[in-house]
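1. heads up, no residue letters with this:
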């Protein structure tokens with residue numbers, strides 16, 4: 001029996017929300033990757049009680065965790081709200097709206113998000129091959145760049161079908177924050193007089 005996945009021909013609300021959440025996760029990843037780094041913790045030497053333990057390989061030190069600075073993520077969230085009404089859209093109860101109404105609003109979110117993405121980030125695909133082409137992952141491939149799914153058995157090289165080319169940020173250039181600016185205020189309340 002052949003499996004034929006159904007590919008969407010238009011953007012629906014669910015896919016729009018998933019795309020928007022991806023942007024937030026991208027922002028968080030950028031903040032964590034480009035945030036201030038804490039000083040590495042030096043591994044303490046392991047004391048062994050026997051000669052047998054001295055011949056055993058040393059355990060790997062625990063990974064050093066970086067501290068993160070949430071200001072950049074908050075800034076990006078504020079820009080998404082400003083340009084695309086992102087938070088308003090995600091917090092809206094969509095049950096009472098028709099697909100056409102959701103589609104009209106999603107166009108605003110999409111256009112504003114795309115404008116913001118193009119203005120502050122440069123992206124490139126992780127892999128250059130066409131999607132649905134066969135690719136081979138050699139031994140030593142980078143698991144952060146290539147996620148293997150399906151029935152993974154044995155050791156590389158692995159050959160499979162490229163389902164998604166992936167994305168990587170080649171440049172991130174958010175605007176500088178003014179002194180005294182509170183990035184926790186994503187959008188100020190509006191009071192009309």
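-> Here it is on my side, so go on. Because the structure is a prediction, the values reported are computed rather than measured.
2. Pull out the buried residues from stretch 175-186.
-> Across stretch 175-186, burial judged by 16 or more other C-beta atoms under 10 Å covers 183, 186. Placement of C-beta: from N, CA and C, glycine included.
3. end to end, how far does that stretch reach?
-> Length of stretch 175-186, first residue to last, C-alpha to C-alpha, to the nearest Å: 15 Å.
4. Does anything pack onto the helix or strand harbouring residue 169? Which helices or strands?
-> Per DSSP states H and E: residue 169 is located in strand 167-172. Identification of packing neighbours for strand 167-172 by 3 or more C-beta pairs under 8 Å, 6 or more residues apart in numbering; DSSP states H and E yields helix 13-34, strand 121-125.
5. pLDDT below threshold where in the chain?
-> Counting by pLDDT under 70, the chain shows low-confidence ranges at 1-56.
6. again, only this time at 90
-> Scanning the chain for pLDDT under 90 picks out the ranges 1-72, 177-178.
7. can you pull out the helices in it?
-> 13-34, 51-55, 71-84, 86-91, 99-120 (DSSP state H).
8. mind listing what residue 130 touches?
-> Contact analysis of residue 130 by C-beta atoms under 8 Å, 6 or more residues apart in numbering lists residue 162.
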